[in-house]
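Chemist: Need the 3D shape of this:
(one chain, ligands or ions: 1)
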Amino acid sequence: MAGVSALDVRGLEYRYPDGTCALDGIDLRVEPGERVAVLGPNGAGKTTFVLHLNGVLTGTGHIEVSGLSLSPGTLREIRRRVGVVFQDPDDQLFMPTVADDVAFGPANFGVAEPELGERVRSALAAVGMSAHADRSPMHLSEGQRRRVALATVLASDPELLVLDEPSANLEPVARRELADVLLSLDRTMLMVTHDLPYALQLCPRAVLIDNGVVVADGPTRDLLADADLLAAHRLELPWGFVPHP
Ligand SMILES: Nc1ncnc2c1ncn2[C@@H]1O[C@H](COP(=O)(O)OP(=O)(O)OP(=O)(O)O)[C@@H](O)[C@H]1O
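Modeler: Below is the predicted model of the structure:
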């Protein structure tokens, strides 16, 4: 359907049971094919926001994914449409082999053989892990585990890929390998990160969240070139890093 946003969030508010206001009216629209970095200091509300996109948390306001409104009746389909890759691969890898882990999601959504095997092969190829299909995820490096976790989500063919701190704790080579994989994917992407150079490299657009609202939204290089904006929201570029185009 032409003209439908990949993600349309309006007036999203959420309070934790202890009364903490974590989201105070988030508005965000993402168009198909965009890659958007979600930036913000500790406690800004980024994780709380992500947990709403696949219905783990339920606030007030409106969330639409590719034209489908999130509601109890659509939750299952929304969870297929929104693939969340968590920071810790342990949250996503629990089967005896890599291939079993990658098959788990689509099998759960009703995909059967022979398509299931094809999904697993193509997801592992997309992340450069085809040669490791029969290995135990426990015996892979952190960078490889991060890429397998991404494959487990890609195998369900989500319309929106959400990544929580994809580069955290990765050595430089693994960080670059993951960036190469992410850049090769033809997917709408939201990437929560404190890694500002990574955001610049991967996402043409960035939104800055603080105190539960979007305080800036625009080209990543413009946001990162605004020293006053960064300072006001406790963000800092690595020493010597200049965000030129
Ligand atoms: N389970 C919880 N109960 C109460 N308050 C919470 C809970 N989880 C988070 N919060 C609070 O909600 C607000 C938003 O937190 P959130 O974890 O979404 O921020 P964040 O931007 O993801 O931070 P970080 O960059 O540290 O991961 C903060 O004030 C936080 O202390």
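
Chemist: Show me which residues of the protein sit near the ligand.
Modeler: By Cβ under 6 Å from any ligand atom, the residues of the chain that approach the ligand are 16, 18, 20, 22, 40, 42, 43, 44, 45, 46, 47, 48. Glycine gets a C-beta too; all of them are placed from N, C-alpha and C.

Chemist: Walking through the chain, point out its strands one by one.
Modeler: 7-15, 21-30, 35-39, 60-65, 68-69, 82-85, 160-164, 188-192, 205-210, 213-219 (DSSP state E).

Chemist: who wins for proximity to residue 239 among these?
Modeler: strand 35-39 (18.3 Å; Cβ to Cβ).

Chemist: That closest one: partners in the sheet, and parallel or antiparallel?
Modeler: The pairing partners recorded for strand 35-39 under DSSP bridges are strand 188-192 (parallel), strand 205-210 (parallel).

Chemist: Report the angle between that strand and strand 213-219.
Modeler: 140 degrees (axes from the mean of the first three to the mean of the last three Cα atoms, to 10 degrees).

Chemist: re the thing from before, dump the strands of the chain into CSV; add mean pLDDT and mean neighbour count as well.
Modeler: Output for the strands of the chain, formatted as CSV (pLDDT from 0 to 100; neighbours: other Cβ atoms under 10 Å):
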stretch, mean pLDDT, mean neighbour count
strand 7-15, 98, 18
strand 21-30, 98, 18
strand 35-39, 98, 25
strand 60-65, 97, 18
strand 68-69, 97, 13
strand 82-85, 96, 24
strand 160-164, 97, 22
strand 188-192, 98, 23
strand 205-210, 98, 22
strand 213-219, 98, 16
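
Chemist: got the ones you listed as a markdown table, with distance to residue 129 columns?
Modeler: Supplementary listing: the strands of the chain in a markdown table, determined by distance: least, Cβ to Cβ, whole Å:
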| stretch | distance to residue 129 |
| --- | --- |
| strand 7-15 | 28 |
| strand 21-30 | 27 |
| strand 35-39 | 22 |
| strand 60-65 | 27 |
| strand 68-69 | 31 |
| strand 82-85 | 14 |
| strand 160-164 | 17 |
| strand 188-192 | 19 |
| strand 205-210 | 28 |
| strand 213-219 | 32 |
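
Chemist: List just the one of the strands paired with strand 35-39 that sits closest to residue 101.
Modeler: Closest of the strands paired with strand 35-39 to residue 101 is strand 188-192, at 21.2 Å (criterion: Cβ to Cβ).

Chemist: Alright, I will stop here.
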